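Colleague: Structure of the sequence below:
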Amino acid sequence: MNRHEIPEKTFLALAAGGGGEEALDLLRKAQYSKRLLLLRGVRDAAPRETASAYDLLARIQETDPGAVETVLRYPTVGEWARRTLLVLTGREHGRANPAELAALAAAAAVRARRPCTIDVPSRDGAIVLPSLGRAFVRTPAARVAVDRSGARIGDLALPRDLHTDAPGWQAVRRLDDELLLDDHDPDRMPGGTALPGRLTPSELAHWRTTLTDARRILRAHHEAVAEEISGALTVLTPLVPPAQGQSSATPKHAFGNIGLSTPPDALFFAVTLAHEVAHTKLTGLLDVVPLTRPDDGGRYYAPWRADPRPVSGLLQGAYAHLAIAAFWRTQRRHETGDSALRAHTDFARWRTATDLIVRTLAATGGLTPEGERFVGEMSNTLRPWLAEPVPSEALARAEQAAGAHLAAWRATHGAPPALQGL
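Modeller: Numbering: from 1, shown residues only. Have a look, this model is predicted:
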């Protein structure tokens with residue numbers, strides 16, 4: 001397998017907050033290679049439990065490589081393969097069943113309409129076919145049978161449109177032509193607060209309508225970001241909302257998936273997509289180019305978190321908030337009234353906050369040489385923004401919000417490290 005590298009021009013474009021399709025193509029290829037290596041590792045660590053499923057995947061790949069690639073690229077497969085391999089090799093404790101590789105082979109066979117039968121272990125009382133959906137069963141395993149007329153799980157005939165619910169079948173449903181909504185795969189949001197139940201039809205309709213409106217905003221005023229979202233994100237996972245406000249997250253080992261609580265409006269949805277696609281790009285880049293040194297235990301103030309953060313967390317937050325500041329920098333020109341005031345306020349707050357953390361990162365000694373160059377390019381993007389005029393009321397509100405956050409942080413954690421100058 002070829003070694004993946006990021007050309008200088010692309011690296012600097014990513015660091016500046018962009019990258020475009022060229023960068024995403026490289027990151028997607030690296031992620032697919034990572035996925036293949038993880039699956040090969042699972043097979044080698046548990047050959048008896050995985051041999052038949054792995055061989056079926058290989059046979060399907062010969063005749064329908066697209067079906068196999070679609071399944072293996074599905075975000076939850078990356079988390080499953082990583083966790084399973086780490087447990088099998090004793091590097092992590094937890095649950096792992098390598099025989100679940102059969103679910104991947106079954107999903108590929110269903111997609112390719114490859115005639116076969118394969119027994120798939122159940123997970124949480126269901127047969128889960130990654131990228132497609134699940135069927136509840138009362139047995140430890142069930143047989144998936146595929147022929148030219150369709151597919152069955154035990155006695156259940158799967159619907160022709162596998163992304164639509166049917167009696168006995170809960171689909172991974174479509175939000176639009178580009179994004180799927182996964183509200184049931186067990187690996188959809190590891191360590192996060194995934195919504196435990198499925199969206200109702202009316203809730204799903206709200207997500208679809210709001211996404212359509214968010215894409216309209218992005219395509220009208222943030223074309224480059226819209227293209228990156230289309231190139232990087234494939235799955236959305238609903239999250240449990242916090243006590244106040246909304247939440248979003250990007251799982252580290254499920255490239256292409258992001259989580260968010262129910263979007264209240266299109267503008268929130270649009271800026272959240274811009275925010276999380278930045279996390280997705282950086283997470284993919286970090287698998288190819290290390291930007292931070294091993295954690296030395298240092299913890300720092302981040303203006304968007306209640307807890308002290310390590311250098312790696314600071315970098316993720318700064319890069320994502322560079323994207324948020326960029327969004328509001330543009331969007332404030334297209335808003336009026338209270339919405340314009342909010343946009344100016346958010347631009348003012350997050351440009352200043354991101355600049356603080358970029359300077360913090362440069363002073364920590366926790367970056368690799370590549371990380372120093374990356375952060376330096378982030379600073380080059382930010383520097384002219386700091387001089388851009390903002391209405392006085394928006395500036396005052398931004399400063400008030402920043403001061404209140406810092407005061408609350410001090411009350412809990414004491415003064416930030418001296419190098420942050422706060």
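Colleague: Now do the contacts for Thr234.
Modeller: Taking CB atoms under 8 Å, 6 or more residues apart in numbering as the criterion, Thr234 is in contact with 73-75, 178-180, 256-257. All C-beta spots, glycine's among them, are computed from the backbone N, C-alpha and C.
Colleague: Next step: these restricted to strands.
Modeller: Mapping those onto strands (DSSP state E) picks out 180, 257.
Colleague: Among the contacts of Thr234, name the buried ones.
Modeller: 73-75, 179-180, 256-257 (16 or more other CB atoms under 10 Å).
Colleague: what helix or strand does Ile127 sit in?
Modeller: Counting by DSSP states H and E, the element that carries Ile127 is strand 126-129.
Colleague: hmm, who's touching that strand?
Modeller: If you take CB under 8 Å, 6+ apart as the criterion, strand 126-129 is touched by 103, 106-107, 110, 120, 134-137, 142, 144, 153, 184-186.
Colleague: which helices and strands sit right next to the next helix or strand after it?
Modeller: The element immediately downstream of strand 126-129 (helix or strand, assigned by DSSP H and E) is strand 133-136. For strand 133-136, the elements it packs on are strand 126-129, strand 170-171, judged by 3 or more CB pairs under 8 Å, 6 or more residues apart in numbering; DSSP states H and E.
Colleague: Run me through the strand neighbours of strand 133-136, direction for each.
Modeller: The strands that strand 133-136 pairs with in its sheet are strand 126-129 (antiparallel), strand 170-171 (antiparallel) (by DSSP bridges).
Colleague: which residue ranges form the strands in the stretch 151-300 of the chain?
Modeller: Along the stretch 151-300 of the chain, the stretches classed as strands by DSSP state E, counting those that start in this stretch are 156-157, 170-171, 173-174, 180-181, 235-238, 248-249, 257-260.
Colleague: Tell me which residues are up against the third one.
Modeller: With CB under 8 Å, 6+ apart as the contact definition, strand 173-174 has outside contacts at 163-165, 180-181, 204.
Colleague: Could you dump those into TSV and include distance to Lys9?
Modeller: Conversion of the contacts of strand 173-174 to TSV gives the following (distance: CB to CB, whole Å):
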residue	distance to Lys9
His163	38
Thr164	43
Asp165	46
Leu180	32
Leu181	36
Leu204	41
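Colleague: Now for the residues you listed: which two are most distant?
Modeller: Asp165 and Leu180 (13.4 Å; CB to CB).
Colleague: could you pull out the helices for the stretch 301-422 of the chain?
Modeller: Along the stretch 301-422 of the chain, counting by DSSP state H, counting those that start in this stretch, helices occupy 311-331, 337-364, 369-385, 392-413.
Colleague: Same check on the stretch 151-300 of the chain?
Modeller: Taking DSSP H, counting those that start in this stretch as the test, the helices found in the stretch 151-300 of the chain are 201-221, 223-232, 266-286.
Colleague: among those, which is nearest Arg95?
Modeller: Checking the helices of the stretch 151-300 of the chain against Arg95 by CB to CB gives helix 266-286 as the closest, at 24.1 Å.
Colleague: CA-only coordinates of stretch 122-140 in CSV, if you can.
Modeller: Coordinates of the C-alpha atoms in stretch 122-140 are reproduced here as CSV (Å, rounded to 0.1, in the frame of the first residue of the first chain):
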residue,chain,number,x,y,z
SER,A,122,-26.7,-9.7,16.6
ARG,A,123,-25.8,-6.5,18.4
ASP,A,124,-28.1,-5.2,21.1
GLY,A,125,-30.8,-7.5,19.9
ALA,A,126,-30.5,-6.5,16.2
ILE,A,127,-28.8,-7.5,13.0
VAL,A,128,-27.0,-4.2,12.0
LEU,A,129,-25.9,-3.8,8.4
PRO,A,130,-23.6,-0.8,8.4
SER,A,131,-24.7,1.9,6.0
LEU,A,132,-28.1,0.3,5.5
GLY,A,133,-30.1,-0.3,8.7
ARG,A,134,-31.1,-2.9,11.2
ALA,A,135,-33.6,-5.7,11.9
PHE,A,136,-34.5,-6.8,15.4
VAL,A,137,-34.1,-10.5,16.2
ARG,A,138,-34.5,-12.7,19.2
THR,A,139,-31.5,-15.0,18.5
PRO,A,140,-27.7,-14.5,18.9
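Colleague: Just the mean pLDDT for it, thanks.
Modeller: Rounded to a whole number, the mean pLDDT of stretch 122-140 is 96.
Colleague: what do you get for stretch 48-59?
Modeller: pLDDT averaged over stretch 48-59 gives 96.
Colleague: Repeat that for stretch 241-252.
Modeller: Per-residue scores along stretch 241-252 average to 90.
Colleague: looking at the helices and strands packed on strand 133-136, which is buried most?
Modeller: With neighbours defined by mean count of other CB atoms under 10 Å, none of these is more surrounded on average than strand 126-129, at a mean of 24.
Colleague: what sits against Asp213?
Modeller: Residues in contact with Asp213 (CB under 8 Å, 6+ apart) are 265-266, 269.
Colleague: Might you list the low-confidence residue ranges for the protein?
Modeller: With pLDDT under 70 as the threshold, the chain has low-confidence stretches at 1-2.
Colleague: burial measure for the residue lying closest to Leu132 once chain neighbours are set aside, as a count.
Modeller: Distances taken as CB to CB, 6 or more residues apart in numbering put Leu162 closest to Leu132, at 4.9 Å, once the chain neighbours are dropped. Summarising burial for Leu162: neighbours were counted as other CB atoms under 10 Å, giving 19.
Colleague: now swap in the one 10 residues further on and tell me
Modeller: Val172 has 23 neighbours, counted by other CB under 10 Å.
Colleague: tell me the contacts of it?
Modeller: Shown in contact with Val172 (CB under 8 Å, 6+ apart): 131-133, 163, 180-182, 184-185, 235.
Colleague: and which of these is nearest to Ala171?
Modeller: Checking those against Ala171 by CB to CB gives Gly133 as the nearest, at 4.0 Å.
Colleague: Quick check: which of the helices of the stretch 301-422 of the chain is buried the most?
Modeller: Ranked by mean neighbour count, with mean count of other CB under 10 Å as the criterion, those are topped by helix 311-331 at a mean of 23.
Colleague: mind saving the C-alpha coords of it as CSV?
Modeller: Output for helix 311-331, consisting of C-alpha atoms alone and laid out as CSV, is shown next (Å, rounded to 0.1, in the frame of the first residue of the first chain):
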residue,chain,number,x,y,z
VAL,A,311,-2.4,21.1,23.3
SER,A,312,-4.1,18.6,21.0
GLY,A,313,-7.5,19.8,22.2
LEU,A,314,-6.5,23.4,21.8
LEU,A,315,-5.5,22.8,18.2
GLN,A,316,-8.8,21.2,17.4
GLY,A,317,-10.7,23.9,19.0
ALA,A,318,-8.7,26.7,17.4
TYR,A,319,-9.0,25.2,13.9
ALA,A,320,-12.8,24.8,14.3
HIS,A,321,-13.2,28.3,15.6
LEU,A,322,-11.2,29.7,12.8
ALA,A,323,-13.9,28.2,10.6
ILE,A,324,-16.6,29.7,12.8
ALA,A,325,-15.0,33.1,12.7
ALA,A,326,-14.7,32.8,8.9
PHE,A,327,-18.4,31.9,8.6
TRP,A,328,-19.6,34.9,10.5
ARG,A,329,-17.1,37.2,8.9
THR,A,330,-18.9,36.6,5.6
GLN,A,331,-22.4,36.0,6.9
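Colleague: Good, we can wrap up now.
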